[in-house]
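> the following comprises the amino acid sequence and a computationally predicted model.
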Amino acid sequence: MVTAEKGVLFIVASPSGGGKTTLIRKTMERLEEAGVAAHFSVSHTTRSPRPGEVDGVDYHFVDREEFEAMVAGGGFLEWAEYAGNLYGTSRLEVENRLRAGEDIFLDIEVQGANQVKTKIPEVVKIFVYPPSYEVLRERLTKRRQDSEDAIRRRLQWAVREFGVGGEFDYAIINDRLDEAVDALFGICVAEHHRTHRLNTRLDAIREAFRSALERDITT
Ligand code: 5GP
């Protein structure tokens, strides 16, 4: 597959429980098969680990003091408070990988997405919608990771997020996982083909074309 000269930064936002982690991981597998290096950014959070979550894999779990020290030191590309906990994306991790030509996926909520857009305007923002209230409620209940109260807060938050989701570049309705993966993979491929992401390569093709034409005409 043709790939952009620099890595592409994708934000995939959705209400908690929208199924975006599985969607991103499956899309990354497809990208890897197509020869695209992609990385799923690991955020910092002050939230406690849920059963089965591993420090350094699902999140870097830190306390408020450590988090605030990172904020003060400019260590975050963006950060936000969500349902009483702080979440942030490491600036260095993102910048270094993009420069190295890797795609990066950020699984972040909408306030953070807007902060990234102001710092990195070429970011691609994708909002993943659950197909209905009932489906989202069922997904949150079934995963048995949150109390009834936490689930209610997440559902209330979802309504606020829908408002901002309308400003995103792309919308995916996560009803059937395989179709959602097809859609996200398609968006990634299209973004790699944006003219501005292929400039150096296109210049080389145009230049070689011009030289060849000149040679042809003068002989
Ligand atoms: P959860 O607690 O369910 O893992 O995540 C709650 C919300 O925080 C989700 O919408 C998730 O996308 C978001 N989130 C996770 N990491 C970050 C981050 O680094 N920055 C921001 N702004 N949101 C994040």
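Yes, it's here.
> secondary structure class for the nearest residue to residue 101 once chain neighbours are set aside?
Excluding the flanking residues, the one nearest residue 101 by CB to CB, 6 or more residues apart in numbering is residue 7, at 5.3 Å. C-beta here means a position set from N, CA and C on the backbone, and glycine is covered the same way. Under DSSP: H, G, I helix; E, B strand; the rest coil, the three-state class of residue 7 is coil.
> residue 7: neighbour count?
Neighbourhood size, residue 7 [other CB atoms under 10 Å]: 23.
> surely it touches residue 95?
No. Counting by CB atoms under 8 Å, residue 7 stays clear of residue 95, with 10.1 Å between them.
> smallest gap between the protein and the ligand, at which residue?
residue 112 (2.4 Å; CB to the nearest ligand atom).
> can I assume that residue sits in a helix?
Yes. Assessed with three-state DSSP, residue 112 lies in a helix.
> near the ligand, which residues of this protein show up?
16, 43, 47, 78, 80, 82, 87-89, 107-109, 111-112 (CB under 6 Å from any ligand atom).
> who touches the residue nearest to residue 101 in this structure?
The contact partners of residue 7, taken as CB atoms under 8 Å, 6 or more residues apart in numbering, are 37, 97-104.
> among those, which one has the most neighbours?
That'd be residue 103 among those, by other CB under 10 Å, with 24 neighbours.
> helices along the protein, start to end?
20-33, 64-72, 91-99, 110-119, 133-142, 148-165, 177-192, 199-218 (DSSP state H).
> format those helices as JSON lines; extra columns: mean pLDDT.
Output for these, formatted as JSON lines (pLDDT from 0 to 100):
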{"stretch": "helix 20-33", "mean pLDDT": "95"}
{"stretch": "helix 64-72", "mean pLDDT": "97"}
{"stretch": "helix 91-99", "mean pLDDT": "93"}
{"stretch": "helix 110-119", "mean pLDDT": "92"}
{"stretch": "helix 133-142", "mean pLDDT": "92"}
{"stretch": "helix 148-165", "mean pLDDT": "90"}
{"stretch": "helix 177-192", "mean pLDDT": "97"}
{"stretch": "helix 199-218", "mean pLDDT": "96"}
